[in-house]
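Engineer: Provided below for reference: sequence and predicted model.
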Amino acid sequence: MEKRYLIIVLLLMSLGVHGQPVILDGTVTESGSGTTLIGANVRDMGSDKGTMTDGDGSFSLQVSGEEGLLVISYVGYQVDTVFWSSSQDTMFHIELVSSVYLGEVTIQSGRAGRIEDESQASMHRISMEQIEKLPGLLGETDVLKSLQLMPGVQSGTEGTSGIFVRGGSIDQNLILVDGVAMYNPSHVLGLFSSFNSDAIQSVRMTKGGFPARYGGRLSSVVEVDMRAGDTNDFHGSGQIGLISSKLLLEGPIVRGKSSFLFSVRRSYTDLIARPVIRMTRSEDKEQVLPTAYFHDASIKLTHRFSDTDLLTVTGYMGADNYGVKRSDDTETTDAFVTWGNYLGTLNWKHRINPKLFTNASVTYSRYRLDNDVAYSFFKNGKEDYFNSIYYSGISDIGLNYSFDFMPNRHHSLKMGMKWTHHIYSPGALTYGYELDGENIREDYQQGEMTSQERAFFLEDDLEYGNFKINAGFHFSQFYTDEKLYYSFQPRLSIRYLLPGRWAVKASYAQMQQYINLLTSESLSLPSDLWIPSTDRIEPQTSWQWVVGVAKTLWKDYEFTLEGYYKEMNNVLSYQPGVSFILDVASSHDWQSSIAQGRGWAYGAEFLFKKKYGRTSGWVGYTLSWNYRQFDEINQGEKFPFTYDRRHDLSLVLSHELSDRWSVSGVWIYGTGNAYSVPDRYFPAPEGLPTEMGGYAVYSQKNNYRMSDYHRLDVSFTRTGQKKWGSTTWEFGAYNTYFRKNPFYVSQDQNGTVKEVSILPIIPYISWGFKF
Amino acid sequence: MYKILFFLSFAASALYCSCEGDFTREVTLKQIEVSTRGVVYGFLTNTDPRDLAFRSFGHPVKQGQELAANRIYISHSSSVKHKHQLFYQAEVRLDSGGSEMELIFNNRINENGNGGSYYSIVDEIHSGGVYSLKVRFSDGSTETSLNHWPEVSGMDSVPEPVPFILEGGSLEVSEKNSQYLEGYVDLKVEDERHRQNVYQIEISAVTGEDTSVIQPGDKPVYGVIQKQANRVESEVYGVLPNDMFEEINFTRAGRKRVYFKLDNGTGQFNSGQPVRILVRLSNLSEDYIRFLKSSRQYTANQDNPFTEPVEIYSNIKNGYGVFASMARSYGEIGL
């Protein structure tokens, strides 16, 4: 069937008669379901002023004149235009129609939602539609892996979901799920992210030029907005894959007013393995029962009391469980490790008047790891045993209150305050054993620590002519261990529009971080500890400059080029030689195992992106340098950070072959991570405590590079329409050409180095449905 | 259905092919030019005839062995693939207070070309003195041709000995195993200023003339009878593993109880025999402490993947090793 493309050429610049300012506000939702659309672009063509919908799909725009044309656009939806004519503040309820339902007609608008219109540099908005097109590991759509394809964002090691942004470490990213911080955003040691993509509305990442409302982390803010349920009809979707399956249900509670959305996901490798193990071991006296799975579930309830009041409640829980129970005539072993996140938030949004909105929320977040081992051995009627219990974690309870105020058409103020009570369990180890009559029990309770964090922010969005400025400050206080820290952090972002609509952007931001993750640079584990700043551990600080240009080209293409320079102070590392088990988990003085130093990161990022059309995708490239310096490490000399990846390139392409078939591919290239290889040996005379007769040391920390990393992922999707909904078959492969990308490096005593990889080509197939 | 079967067949083949062979790959690292550097070990201390009670001769011990004091060892660094145990002669100058000190070279090269050749320091070492060392590579220092390495140097100041008294102690045959002696001594450092460093304690047991040899602690050291003038009267029965402690380990009054265990590996200990316990307290210089801690950590972390890499401390400019000092004080008590 012939495809028709209708392009609306907007010739309405003459619209808009200068007069008294009026407020145009309202909500943008999906037609039919009533689902709020977050990040939809709303622009008044007469005054050429625009804004975006917030987390509740609301917008507010102050314009001059008595009539004009609002253009509302959102990726994956038909552009809507609304003519307005009024001298008074006007509220709109705009419903956008999904472009899926349009069939053969795609309408594009050239003016709404352009990157050069935003004052904010260093920000990425990725729609779920774009994310779902990308091939994922074993068919799992992964939000964090999608962010890793953006310039300036790096993955850690092979297969991990951790992100390293502009030279920052893994704990310097604030990951917010409906406004609540999540401390461990991944399953299976980082192979999958903790988010069920079906339940997500949108994802935004800010890497620099942070507006004043953000604080507490140095390198990035990732905002994941959960989807609200359909207020009119019941819907569902699901997927069955090789390793996991998921289900989502949504619908109205009170039609037109309130809704629910529930999603659940579970993996089942252990369920498959157990019967196989039983069959293969049916003759053995030994019984083995493995446990290896992750699961997560989320729920979101929304209720719109009126046009002025919206209440939402979000809950999330996710966990990983790995272990084994093994028994035979003489021995039993029961060992497991489990970790998980629990989040909750209650949010109330109130519109006092068209110029003033408030937002109040109560939040809860908890991350905990438990590791239990019990081993017993029977001999001659006697039992010897060993058991250990280890747990660690962090919990937050928070209150937030903020205002959005537009005094006039040039200013848009945001002001707010936050309070968070943190509770830390930085590792508690208890072990005991009885062996040959000797009974030992050791207890290494670190004791809970608490802290209070308070913040106040004020920011203003100003627009004068070709200038757009976001200026403000973030003031924070942190009280712990009878020590008070505080910080005044100025923030500034400027955009100037040159002729030809080239936007020049610049920003400056100071950040301070009070909560830190103790992690080994070479291996990040769920047992990594979240610890507060104390009287001996100072808060991490940073300042960052960004300069760049941006422009929309040929209506569908975005071009950005940015350079950044960032300095960090009081970044953390373990001291040389520290053992996590001996010096941290079972020590009463873990703070002496920590070194603090400085970091530098600078580079340039390029992004060329096509957002619309049958073919879409992007090219992202980063050239960067990244260093650290600690007095106690590398003789105090500066050294390359482990994730100092000089070149990073992502090629992403999606194409709709037909109404039913689509294909997508991702090719990633990056120079190898840095690591330390002992390259020097010197002997030791008799009497020195070394069994080797000498010492093998590295001449400089991180003196070598792993092999370059590259891989190709492809996927094919076939969509079929049914009477009751639609189905999709998706199949593809991760690491299509078998590249053995290194996961870690080992060196034997002869000095031969081996790179070990873990993920070969992984083909997958999954079946999904929607109704 | 056929499409699914086709895909599954393809997937199985792909998995099989990619799993052929292991998941490791040997890489040849681009060798960064690593220049040869000089390696120096020098440990200075005051001496006393009672040191014989803490020394083992002729039998190597992994830990707890006395690190021979007032010796200087010279070697060089190499790549990890070309390890060696070669210590040799070089141009060495040791100064104190502007005066050069006398050194005697002891050649210990064995038939394999390895060995622990060293320089002995003839003159006495004085507390409070500042000693500086310079070492230059010397052509023809060994029969093996070696790469030149640039001059290295080190400097350290000898601490003051810390006087202490032994207030009491206890020594008993172990209830669990009569092969062991278990006990403690109560040590007191009266002057608070003398508790502000890191110290090493060593304990040795000396008994009457008895041909049985007690194996000390967990690390057996065979004592050797030495006829001494004055203070050490009879056989040496061994030394315990070193114990390092610091100010926080003392009570406010400067007391510390040190527990020890002696192991009689060759015969039954006669509980009726009087035993004299010798205690040697070494006040370590800052450089010595940092080196000892890092080298012990290095050994402890071998083959443990959950540790951070260890950096061996060195105060040798342009090279590796350590030039460090300590001051010893002694005490004894009969139990």
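Structural biologist: Good, I have the coordinates.
Engineer: show me where chain A has its helices.
Structural biologist: Secondary structure of chain A (DSSP state H): helices located at A:128-133, A:143-147, A:269-280.
Engineer: can you list contacts of the shortest one?
Structural biologist: The contact list for helix A:143-147, computed with CB atoms under 8 Å, 6 or more residues apart in numbering or on different chains, reads A:124, A:126, A:130-131, A:134, A:136-137, A:153, A:155, A:161-163, A:185-186, A:193, A:195, A:197, A:200, A:203, A:205, A:222, A:224. Quick note: C-beta positions are derived from backbone N, CA and C, even for glycine.
Engineer: which among the residues you listed end up buried?
Structural biologist: A:124, A:126, A:130-131, A:134, A:136-137, A:153, A:155, A:161-163, A:185-186, A:193, A:195, A:197, A:200, A:203, A:205, A:222, A:224 (16 or more other CB atoms under 10 Å in any protein chain shown).
Engineer: can you check the pLDDT for residue A:94?
Structural biologist: For residue A:94, the model assigns a pLDDT of 89.
Engineer: show me the contacts for it.
Structural biologist: Residue A:94 touches A:26, A:27, A:28, A:29, A:70, A:72, A:80, A:82, counting by CB under 8 Å, 6+ apart.
Engineer: pull the most distant pair out of these.
Structural biologist: Using CB to CB, the contacts of residue A:94 span at most 15.0 Å, a distance reached by A:29 and A:70.
Engineer: the two: which has the busier surroundings?
Structural biologist: residue A:70 (24 against 21; other CB atoms under 10 Å in any protein chain shown).
Engineer: who does that one bridge with?
Structural biologist: Beta-bridge pairing for residue A:70 (DSSP bridges): residue A:44, residue A:82.
Engineer: so it sits right up against residue A:82, yeah?
Structural biologist: Yes. Contact between residue A:70 and residue A:82 holds when scored by CB atoms under 8 Å: they sit 4.4 Å apart.
Engineer: so what sits against both of those two?
Structural biologist: Residues touching both residue A:70 and residue A:82 (CB under 8 Å, 6+ apart): A:92, A:94.
Engineer: could you give the mean pLDDT of stretch A:534-544?
Structural biologist: The average pLDDT within stretch A:534-544 is 95.
Engineer: which parts of that stretch are buried?
Structural biologist: Judged by neighbour count (16+ other CB under 10 Å), stretch A:534-544 contains these buried residues: A:534, A:537, A:539, A:540, A:541, A:542, A:543, A:544.
Engineer: which residues touch the third one?
Structural biologist: Residues in contact with residue A:539 (CB under 8 Å, 6+ apart) are A:478, A:485, A:487, A:512, A:513, A:514, A:533, A:570.
Engineer: among those residues, which one sits closest to residue B:139?
Structural biologist: Distances from residue B:139 to the contacts of residue A:539, taken by CB to CB, are shortest for residue A:570, at 49.9 Å.
Engineer: which residues touch the closest one?
Structural biologist: Residues near residue A:570 by CB under 8 Å, 6+ apart: A:537, A:538, A:539, A:540, A:541, A:596, A:597, A:598.
Engineer: and for residue A:133?
Structural biologist: Taking CB under 8 Å, 6+ apart, one finds A:616, A:654, A:662, A:664, A:717 in contact with residue A:133.
Engineer: pull out the buried residues from those.
Structural biologist: A:616, A:654, A:662, A:664, A:717.
Engineer: mind giving me the packing neighbours of the longest strand along chain A?
Structural biologist: Across chain A, the strand with the greatest residue count (assigned by DSSP state E) is strand A:382-408. The contact analysis (3 or more CB pairs under 8 Å, 6 or more residues apart in numbering or on different chains; DSSP states H and E) places strand A:382-408 against strand A:58-64, strand A:180-181, strand A:356-379, strand A:411-435, strand A:529-532.
Engineer: same list (those) but as TSV, adding distance to chain B.
Structural biologist: Formatted as TSV, the helices and strands packed on strand A:382-408 follow (distance: least, CB to the nearest CB, whole Å):
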stretch	distance to chain B
strand A:58-64	45
strand A:180-181	27
strand A:356-379	13
strand A:411-435	14
strand A:529-532	13
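Engineer: with mean neighbour count added, can I get those in JSON lines?
Structural biologist: What follows is these, written out as JSON lines (neighbours: other CB atoms under 10 Å in any protein chain shown):
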{"stretch": "strand A:58-64", "mean neighbour count": "22"}
{"stretch": "strand A:180-181", "mean neighbour count": "22"}
{"stretch": "strand A:356-379", "mean neighbour count": "17"}
{"stretch": "strand A:411-435", "mean neighbour count": "17"}
{"stretch": "strand A:529-532", "mean neighbour count": "22"}
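Engineer: distance to residue A:142 added to the ones you listed, as JSON lines?
Structural biologist: What follows is the helices and strands packed on strand A:382-408, written out as JSON lines (distance: least, CB to CB, whole Å):
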{"stretch": "strand A:58-64", "distance to residue A:142": "29"}
{"stretch": "strand A:180-181", "distance to residue A:142": "20"}
{"stretch": "strand A:356-379", "distance to residue A:142": "20"}
{"stretch": "strand A:411-435", "distance to residue A:142": "28"}
{"stretch": "strand A:529-532", "distance to residue A:142": "23"}
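Engineer: closest one to residue A:308 among those strands?
Structural biologist: Closest among the helices and strands packed on strand A:382-408, using CB to CB: strand A:356-379, at 9.1 Å.
Engineer: now do that closest one, average pLDDT.
Structural biologist: Taken as a whole, strand A:356-379 has a mean pLDDT of 89.
Engineer: partners of it in the sheet?
Structural biologist: With DSSP bridges as the test, strand A:356-379 is paired with strand A:331-353 (antiparallel), strand A:382-408 (antiparallel).
Engineer: for the residue in the stretch 201-350 of chain A positioned nearest to chain B, what are its contacts?
Structural biologist: The minimum distance from the stretch 201-350 of chain A to chain B, using CB to the nearest CB, falls at residue A:242 (8.9 Å). Residue A:242 is in contact with A:138, A:139, A:764, A:765, A:766, counting by CB under 8 Å, 6+ apart.
Engineer: separation between it and residue A:370?
Structural biologist: Distance, residue A:242 to residue A:370, using CB to CB, to the nearest Å: 28 Å.
Engineer: buried set for stretch A:388-408?
Structural biologist: The neighbour-count check on stretch A:388-408 (16+ other CB under 10 Å) flags A:388, A:390-396, A:398, A:400, A:402, A:404-406 as buried.
Engineer: err, stretch A:604-624, not the other one
Structural biologist: A:604-607, A:609-612, A:616-618, A:620-624.
Engineer: and for it, what's in contact with it?
Structural biologist: By CB under 8 Å, 6+ apart, the list of residues contacting stretch A:604-624 from outside reads A:75, A:106, A:108, A:130, A:133, A:149-152, A:154, A:166-167, A:548, A:556-564, A:601-603, A:644-656, A:664.
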